[in-house]
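Visitor: okay, here's the prediction I keep looking at, along with the sequence it came from:
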Amino acid sequence: MIEGFTALYIFMLAAFTGYEVISRVPVILHTPLMSGSNFIHGIVLVGAMIVLGHAETGLQMLIGFVGVILAAGNAVGGYVATERMLEMFDRSKNKGGA
């Protein structure tokens, strides 16, 4: 298991890399990028549930529960945003009929 400073270093490196990658994406591509990465939210949710299942102390259970709630909210929000984006391109709902 990863301990102490190594875990903190990996977390900080991942946060910095994620920020740098997302900040360089054009604004018009943020929603399609999010819709294309919804599967990652599902993987995070499964991982959080596995971690919660292996929790032994009350603090570990609390952190695992919060992780499951946040991961589920992230996944649902991604799918809701994707659905709204796709509704903009639905021809049957456009006004004007043609």
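Guide: Yes, it's here.
Visitor: quick check: mean pLDDT of the lengthiest helix in the chain?
Guide: The longest helix of the chain (DSSP state H) is helix 58-87. Computed over helix 58-87, the mean pLDDT rounds to 85.
Visitor: give the buried residues for it.
Guide: Within helix 58-87, the residues scored as buried using 16 or more other CB atoms under 10 Å are 64, 67, 68, 71, 72, 74, 75, 78, 82. In short, each C-beta sits where N, CA and C put it, glycine included.
Visitor: out of those residues, who's nearest residue 56?
Guide: Set against residue 56, the nearest of the buried residues of helix 58-87 by CB to CB is residue 64 (10.4 Å).
Visitor: for the nearest residue to the closest one once chain neighbours are set aside, give its distance to residue 70.
Guide: When the adjacent residues along the chain are set aside, residue 64 lies closest to residue 52, with 3.2 Å between them (CB to CB, 6 or more residues apart in numbering). To residue 70, residue 52 is 12 Å away according to CB to CB, to the nearest Å.
Visitor: how's the protein carved up into domains?
Guide: Domain assignment for the chain by automatic domain parsing gives 1-27, 37-98.
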